[in-house]
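Participant: missing the sequence, but the structure's below:
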């Protein structure tokens, strides 16, 4: 994981963080806070909007028996992820948008710094199969009531979540009409 972090810091455009200790705290330690939550659910993990690989790479390192898919829409970042993923046998990179992926497939979807929480929930929850969960890393402006409304429309339910997270469980299959066309979640949020 140290080699991955060094590569993130030396590659332009992946993070604004320059200090290695700060990068370790933000990209590794913060990502690893989700291990316990992710561990409650079975199946593959998808890191939606993986960017430089956080939280996916730290989770893959901590959960070596779980497949972790790094989903990223930007080709340049996908190329970076493919290079660093070679060091992690349980990691696979998919270059594409969340709205274009198969639904009800993963055990857990995680997202960190992807979009406002209601939008991230709309992108993540359709990827998760019933019984799984979307785990969103959030700040103080997370708007849990809006996320709960989005969850209801997508066969999900917002659970009581630890500080810094919103956990949405998937109660049934993704309803017809979801995911919506690329870009629609940002332009016309569900809640």
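Facilitator: The structure has been received and is ready for your questions. The model shown is predicted, which means the values in this text are computed figures rather than measured ones.

Participant: What is the one helix or strand residue 136 maps to packed up against?
Facilitator: Per DSSP states H and E, residue 136 falls inside strand 128-137. With contacts defined as 3 or more Cβ pairs under 8 Å, 6 or more residues apart in numbering; DSSP states H and E, the packing partners of strand 128-137 are helix 35-39, strand 106-112, helix 117-124, strand 165-170. Every residue, glycine included, has its C-beta placed from N, CA and C.

Participant: List the buried residues of it.
Facilitator: Residues 128-129, 132-137 are the ones in strand 128-137 that count as buried (16 or more other Cβ atoms under 10 Å).

Participant: coming back round to it: export the helices and strands packed on strand 128-137 to JSON lines and tack on mean pLDDT?
Facilitator: Putting the helices and strands packed on strand 128-137 into JSON lines (pLDDT from 0 to 100) gives the following:
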{"stretch": "helix 35-39", "mean pLDDT": "98"}
{"stretch": "strand 106-112", "mean pLDDT": "98"}
{"stretch": "helix 117-124", "mean pLDDT": "96"}
{"stretch": "strand 165-170", "mean pLDDT": "98"}
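
Participant: Serialize these to JSON lines and add fields for distance to residue 179.
Facilitator: JSON lines is the format used below for those (distance: least, Cβ to Cβ, whole Å):
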{"stretch": "helix 35-39", "distance to residue 179": "22"}
{"stretch": "strand 106-112", "distance to residue 179": "12"}
{"stretch": "helix 117-124", "distance to residue 179": "7"}
{"stretch": "strand 165-170", "distance to residue 179": "13"}
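
Participant: List the buried residues for the helix or strand containing residue 146?
Facilitator: When secondary structure is defined using DSSP H and E, the element that contains residue 146 is helix 144-153. By neighbour count, and taking 16+ other Cβ under 10 Å as the criterion, the buried residues in helix 144-153 are 144, 146-151.

Participant: Hmm, residue 105 is touching residue 127, no?
Facilitator: Yes - here residue 105 lies in contact with residue 127, judged by Cβ atoms under 8 Å, at a distance of 6.1 Å.

Participant: ok, these two, which is more surrounded?
Facilitator: residue 127 (26 against 17; other Cβ atoms under 10 Å).

Participant: Reformat the buried residues of strand 128-137 as CSV; add pLDDT.
Facilitator: Converted to CSV, the buried residues of strand 128-137 look like this (pLDDT from 0 to 100):
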residue, pLDDT
128, 98
129, 98
132, 98
133, 98
134, 98
135, 98
136, 98
137, 98
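
Participant: in the lowest-mean-pLDDT helix or strand in the chain, what's buried?
Facilitator: Using mean pLDDT, DSSP states H and E, the weakest-scoring helix or strand in the chain turns out to be helix 184-187, at a mean of 93. Residues residue 185 are the ones in helix 184-187 that count as buried (16+ other Cβ under 10 Å).

Participant: quick one on the thing from earlier: what is the nearest of the buried residues of strand 128-137 to residue 88?
Facilitator: Top of the list for closeness to residue 88, among those and by Cβ to Cβ, is residue 135 at 19.3 Å.
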